[in-house]
Structure formats: C-alpha cells, structure tokens
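Asker: fold the following.
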Amino acid sequence: MTWDGLVRVRGGDVWAADSGGDRPPLVLLHPGVGDSRIWDGLLPELTRRHRVIRYDVRGYGRSPRPTTAYSNLADLYAVLDHFGLHRVHLVGCSMGGGTALGLALRQPERAASLVLVCPGVPGYPWPAEPEADAEYDRLVAADDLDGLTAFGLREWAAAGSDPAAVAQLRSAARAWPGEDLHQQPDPPVFGRLGELTGIPATVLIGDLDRRPAIDCAEQTAARLRCELLRLPGVDHLPPLRTPDAILRVIDKPATR
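Answerer: Here you go, the predicted structure:
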C-alpha cells in the first residue's frame, strides 16, 4: 500500500513517500541541486522490483523549511525508523550520496548496496572558489530566488536549462538559505572510505559535470575499489539526463 506524508524528525518534519509492498527496500536520496522529484523518471521501473522510499531533505520540495539545527544523516535514520527498515539498498545523488556513505560507515549492517551518483563526499578537499562564494552570498542576502536559480543552473546544469532542470534548481534555491542557517555538517567520510570493504558499490559521474565533482567521483571510486561509470553528455543531474543508466546499475551484481 503506497503512502506519502510528513515524517517527524528531530525538531521538524520531512515529506516522504513509500511505494509499499514486500520487495527489497530501496531508498532514494536526492541531490542538493534538486528534490525527490528528480527520481520521477525511474519510479515506474523501480517500483516493479523494489519497495521504494524517497523523501525531501528539510526545506527542499515538499518538506517544511528548517527552524532549528538538523543533520541529514540523523534525518535519514529517522525516516528509516519511521518505516521500520533496518537494511536497505541506497541510491544517493550528490548530497544524497554523502548521506548514504555516512550511514554505510556508521552502521554498515544497514547498507545492502550503494549506488553513488556524482557523490558529494563529506571531507573531500573541494577547492576554494571565492568568487562563486561571494556571488552566492550576495544573492542570498538579496533574497534573489531567480538569481540563485540562474546561478545554480550555470554551475550544475551544463547539459542545458530545460524546464525539468530549472524546476530542480529553483526548488534547491528555495532551500539553500535555510540550509546555510540550520544544517549541521555530518562527519567527514572521505578519509575513511577504505573501511567500506563489504558493501557492493558503484559510482557514476557525467563528463559535463564540474571538474572538482569529477575528481571527487574518481577518487571515491578508487578508495572504495569499485566500478566507476562515466556518463557522456551528462552534468550534475544524471537522474534527469540519463535515468536508464542508473536503472541498469541498480540490482546489477557489483564487484569490489
């Protein structure tokens, strides 16, 4: 039986959806440049093979804006506990990939497999970008949603600003100011990736993504000793650009 609604998390709520059924549970974790609707193109196929759970991080999509300190990793635990899930397959895109890795390192028995799509990995030494940071800060201070959306499209949507990409970045832009104020960083995991030896994993990255994101994906795959799939003509929005490539990886036997 399908369900969607608000799930209580510490100090707030997040919107979540559950396709129901007794198939293997799979959790979809969206990027920081969109919300859970980025997975819409994969859902018809995924729900035939899995019990699919997805949710919007606080302030994104259908989740209320945060009003107090929160952690993405703690919220993932709360969602899993709400649905009574102990062991799940995890598919995380960008920010969601970092959250998936955090759970796998802290409680590896709960992660049946990892599909990491252009993962943002806490602790990765992202290069300083003072000009971009200053522009972002000006747009946030001016409460310029259109400007923030355009900024996000320029940085992350090299494959084109089609309506679906615009909708994703606009949703993210609404969330970013509250995220800046209230989100607490999850523990760094980049330096510990070599500890993940028993969980099947695959990393995917588009060749139109930003160079630091490509470098992060390459180094993540090397440290996990797992397969790295390169996606031609794809930027930082693979679930929109090439859903079939992600579907082919999910459930594929992975080697380490």
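
Asker: which SS class is R54?
Answerer: Three-state assignment for R54 (DSSP: H, G, I helix; E, B strand; the rest coil): strand.

Asker: please compute how far stretch 157-172 lies from its chain's middle.
Answerer: 16 Å (Cα atoms, centre = their mean, to the nearest Å).

Asker: what do you get for stretch 56-74?
Answerer: The answer for stretch 56-74 is 13 Å, by Cα atoms, centre = their mean.

Asker: for that stretch, C-alpha coordinates in CSV please.
Answerer: Output of stretch 56-74 as CSV, limited to C-alpha atoms (Å, rounded to 0.1, in the frame of the first residue of the first chain):
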residue,chain,number,x,y,z
ASP,A,56,12.7,15.6,0.6
VAL,A,57,15.5,17.0,2.8
ARG,A,58,14.3,19.8,5.1
GLY,A,59,13.4,22.9,3.0
TYR,A,60,13.5,21.1,-0.3
GLY,A,61,10.5,20.1,-2.4
ARG,A,62,7.5,19.3,-0.1
SER,A,63,9.4,19.4,3.2
PRO,A,64,8.9,22.4,5.5
ARG,A,65,11.8,24.7,5.9
PRO,A,66,14.1,24.0,8.9
THR,A,67,13.7,26.2,12.0
THR,A,68,16.4,24.5,14.2
ALA,A,69,19.6,22.7,13.8
TYR,A,70,19.4,19.4,12.0
SER,A,71,21.6,16.7,10.4
ASN,A,72,20.9,15.0,7.1
LEU,A,73,22.3,11.7,8.4
ALA,A,74,20.1,11.9,11.6
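
Asker: give me the buried positions along it.
Answerer: Across stretch 56-74, burial judged by 16 or more other Cβ atoms under 10 Å covers 56-63, 66, 70-74. (C-beta placed from N, C-alpha, C; glycine too.)

Asker: so which of these sit within helices?
Answerer: Using DSSP state H, N72, L73, A74 are the members of those that sit in helices.

Asker: export the buried residues of stretch 56-74 to a markdown table and tack on distance to V7 and pLDDT?
Answerer: Shown next, in a markdown table, are the buried residues of stretch 56-74 (distance: Cβ to Cβ, whole Å; pLDDT from 0 to 100):
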| residue | distance to V7 | pLDDT |
| --- | --- | --- |
| D56 | 10 | 98 |
| V57 | 12 | 98 |
| R58 | 11 | 98 |
| G59 | 15 | 98 |
| Y60 | 14 | 98 |
| G61 | 13 | 98 |
| R62 | 11 | 98 |
| S63 | 9 | 98 |
| P66 | 14 | 98 |
| Y70 | 13 | 98 |
| S71 | 15 | 98 |
| N72 | 14 | 98 |
| L73 | 15 | 98 |
| A74 | 13 | 98 |
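
Asker: tell me the one of those residues nearest A157?
Answerer: Taking Cβ to Cβ as the measure, A157 lies nearest Y60 of those, at 16.7 Å.

Asker: residues contacting the closest one?
Answerer: Contact analysis of Y60 by Cβ atoms under 8 Å, 6 or more residues apart in numbering lists H30, G34, D35, S36, S171, A172, R174, A175.
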